[in-house]
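> Got a sequence here, can you build the structure:
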Amino acid sequence: MPEGNTKAERLRALVLASTFPRWQGDTEPAFVYNLCRGLQADFDVTVLAPHAPGASLREEWQGMEVVRFRYFWPERLERLAYGGILPNLRRNRWLWLLVPLFLAAELIAALRLVRSHRPDVIHAHWLLPQGLVAAAAGLITKTPVVITAHGGDVYGVRGRVQDALKRWALRRAIALTAVSSDLARVMADLVGGSRGSPRSGRPRVEVISMGVDTQRFRPDARDERLRRTLGVSGPFLLFVGRLAEKKGVRYLLEAMPAILGNLPAAKLVVVGDGPLRGELESLSRLLGIEESVVFVGGKRQEELPPYYATADVFIGPSIVVSGGDTESFGLVFAEAMASGCAVVASDVGGIRELVREGETGLLVPERDPAAIARAVCALLADDELRRRLAAGGRSRVKRRFEQRSIANRYARVLREAAA
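Below you'll find the predicted structure:
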């Protein structure tokens, strides 16, 4: 157990999340898991997450209890969570039939854990569905609730009914956090008060991002053997993320012909998987760039540091999709910056929280392959600029987004809520 308060002083936290590793070595994003590990210095942590085919229903990881609730039978049809609930719903409309079952199952599981574990606080990641479930569980059991919004739950779920549900949940939380200032502003509008000085009885929205382990993601993780393995002989361009619409990878592929016109030996390595992988691979063939693009699939978090540290430029071409969903923060940008990799990013959502134009990276308009190509070529043509931006990026991440300090900030919010 990590060092922290004595057993007598320790508090208990129940964490609700829909994105959480399904098993050891999973390629599912691990930022909630990493935060929970950091919270263990002060809390006994129990995590409630959706079940997935092949996952255990209950297990212990590094001293935290992980419980996964069933919401449909047979288990092979439990396909609502993981890979993103919103993208899954857009891709398979029939999954909407699972939403009421998912909500009911999660609420029942949460109530059982509250009654058996007596947590001092419930921490819900994502306003919908976990924030809604946590608010209901807190109302029934009188347990304080903290809600953290991550983006799609606020940007991408809109409508009169949805906004009413979000508002109901937000106003029943003791504390609210958002991973970026842009997201906090939208939440404050929903809850009906100002982020800085809320109306009486309305919780303030505090901006606390997810954190990055700068001891894991660091420049000296560079590995020249990776270049040889990937067949990279010239400039190494990198994308890491889920291959879904809002990541905008098609615009990066469309920028590649212009990049290759200037730098024929450049190679783009795409790390990640998702519903658009087949479509993107087909697009690379259609553009005639398949020899200069490598799709390597999803990677475990421990496999990522050498990719970031060895790449010359990381590109995140995110967009705002129809319905409003977009990047709220973009943890992969922070991981790349911590690894000393220069960054090109779309100027959307909460990305500018990390990427400051000309200071920690270059920002380009969304859906603009020509702008992406110009920015990438500018960085590759100017070693001094690339080094300066890379150094500025790592410095900013170490100052503002170090995992331990982020965990301490969340621990403070949870302690205050529990009190």
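> pLDDT weak spots in the stretch 301-419 of the chain?
Nowhere does the stretch 301-419 of the chain drop to pLDDT under 70.
> Show me the contact partners of the lowest-mean-pLDDT helix or strand in the chain.
Ranking every helix and strand in the chain by mean pLDDT, DSSP states H and E puts helix 152-155 at the bottom, with a mean of 83. The list of residues contacting helix 152-155 from outside it, by C-beta atoms under 8 Å, 6 or more residues apart in numbering, reads 84-86, 126-128, 131, 166, 178, 183, 186-187, 190, 324-326, 328, 349. Where you see a C-beta, it was placed from the backbone N, CA and C, and this is true even at glycine.
> which of those count as buried?
Neighbour-count burial (16 or more other C-beta atoms under 10 Å) applied to those gives 84-86, 126-128, 131, 166, 178, 183, 186-187, 190, 325-326, 328, 349.
> what's the domain layout of this protein?
Using automatic domain parsing, the domains assigned to the chain come out as 7-211+402-418, 219-400.
> Of all residues in this protein, which one is nearest the centre?
Closest residue to the average C-alpha location of the chain: Leu331 at 5.6 Å, with C-alpha atoms, centre = their mean.
> Skipping adjacent residues, who's closest to that one in space?
Spatial nearest neighbour of Leu331, chain neighbours left out: Met210 (5.2 Å); criterion: C-beta to C-beta, 6 or more residues apart in numbering.
> cool, and Gly361?
Per C-beta to C-beta, 6+ apart, closest to Gly361 is Val343, 3.6 Å.
> ok, that neighbour to Val364 distance?
Taking C-beta to C-beta, to the nearest Å as the measure, Val343 falls 11 Å from Val364.
> go on, Arg356?
Counting by C-beta to C-beta, the gap from Arg356 to Val364 is 14 Å.
> So the two - more neighbours on which side?
Each of Arg356 and Val364 has its neighbours counted (other C-beta atoms under 10 Å); Val364 has more, 24 against 15.
> pretty sure that one is touching Ala373, no?
No - taking contacts as C-beta atoms under 8 Å, Val364 lies outside contact range of Ala373: 9.4 Å.
> Which neighbouring elements make contact with the helix or strand hosting Tyr251?
Tyr251 is located in helix 249-262, with elements delineated by DSSP states H and E. For helix 249-262, the packing partners by 3 or more C-beta pairs under 8 Å, 6 or more residues apart in numbering; DSSP states H and E come out as strand 236-240, strand 267-271, helix 277-286, helix 369-381.
> So which bits of the longest strand anywhere in the chain are buried?
Secondary structure of the chain per DSSP state E: the longest strand is strand 43-50. Within strand 43-50, the residues that count as buried by 16+ other C-beta under 10 Å are 43-50.
> and what of stretch 247-267?
247-256, 258-260, 263, 266-267.
> same check, this time on stretch 348-358
Neighbour-count burial for stretch 348-358, counted by 16+ other C-beta under 10 Å, picks out 348-355.
> What is the nearest of the residues you listed to Arg58?
Nearest to Arg58 among the buried residues of stretch 348-358 is Gly350, at 34.5 Å by C-beta to C-beta.
> Now do the same contact list for the residue lying closest to the closest one once chain neighbours are set aside.
What sits nearest to Gly350 in space, not counting adjacent residues and going by C-beta to C-beta, 6+ apart, is Ser180, at 2.7 Å. Neighbouring residues of Ser180 by C-beta under 8 Å, 6+ apart: 151, 207, 209, 328-329, 349-350, 353.
> Val99 reaches Ala81, doesn't it?
No - using C-beta under 8 Å as the test, Val99 is too far from Ala81 to be in contact (10.9 Å).
> Looking only at neighbour counts, state which of those two leads.
Under the criterion of other C-beta under 10 Å, the comparison of Val99 against Ala81 puts Ala81 first, with 25 against 15.
> quick one, phi/psi of that one?
The phi and psi values for Ala81, taken as degrees, to the nearest 10, are phi -90, psi 170.
> Could you measure from the nearest residue to it once chain neighbours are set aside over to Gly138?
Leaving aside its sequence neighbours, Ala81 sits nearest to Pro50 (C-beta to C-beta, 6+ apart; 3.9 Å). Pro50 is 20 Å from Gly138, where distance means C-beta to C-beta.
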